[in-house]
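Novice: Sequence and computational prediction follow.
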Amino acid sequence: MPRRIVRELDLLSDQAVAVAEVVAGGAADKAGLAAGDLIVSAAGRLLGGTDDLHRVLAALPPGQAVVLDIVRGRQLLEVPVVPTL
């Protein structure tokens, strides 16, 4: 993630998981995620990569929402997502 974005948004880390594709009708689509979004944290935990995101999601009980902090453009957004199997 560009350093200027990290500074502008006062982020704690320059690590993120990039959303490459969103499946129509899937959990990410229903939550409003878009290709190009950068997920910086999930359930309050900073992410260093996709393995970190998978660990957070795998620890959730089925049907429980998780809040993702994402960077879209120059905005930091909180997006609640209910993962599906």
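Specialist: Received it, and whenever you're ready, just let me know what you need. Residues are numbered from 1 along each chain as shown.
Novice: how about low-confidence regions in this structure?
Specialist: By pLDDT under 70, the low-scoring segments of the chain are 1-9, 85.
Novice: which residues of it fall in strands?
Specialist: Using DSSP state E, the strands of the chain run over 17-18, 38-42, 45-46, 66-72, 75-81.
Novice: can you tell me which of the ones you listed comes nearest to V56?
Specialist: strand 38-42 (4.3 Å; C-beta to C-beta). (Each C-beta comes from the backbone N, C-alpha and C, glycine too.)
Novice: How about the contacts made by the closest residue to V71 other than its chain neighbours?
Specialist: Closest residue to V71 apart from its sequence neighbours, by C-beta to C-beta, 6 or more residues apart in numbering: L38 at 4.3 Å. Taking C-beta atoms under 8 Å, 6 or more residues apart in numbering as the criterion, L38 is in contact with 1, 16-19, 70-72.
Novice: need the longest helix for the chain.
Specialist: What stands out as the longest helix in the chain, according to DSSP state H, is helix 50-58.
Novice: relative to strand 38-42, how tilted is it?
Specialist: Between helix 50-58 and strand 38-42, the angle comes out at 50 degrees (axes from the mean of the first three to the mean of the last three C-alpha atoms, to 10 degrees).
Novice: tell me the angle of helix 50-58 relative to strand 66-72?
Specialist: 150 degrees.
Novice: Against which helices or strands is helix 50-58 packed?
Specialist: strand 17-18, strand 38-42, strand 45-46 (3 or more C-beta pairs under 8 Å, 6 or more residues apart in numbering; DSSP states H and E).
Novice: hmm, which of the contacts of L38 are the buried ones?
Specialist: When neighbours are counted using 16 or more other C-beta atoms under 10 Å, the contacts of L38 contain these buried positions: 16-17, 19, 70-71.
Novice: Could you pull up the contacting residues of the residue most central in space within the chain?
Specialist: In the chain, the residue lying closest to the centroid (C-alpha atoms, centre = their mean) is I39, at 2.9 Å. Residues counted as contacts of I39 (C-beta under 8 Å, 6+ apart) are 16-19, 47, 53, 68-70.
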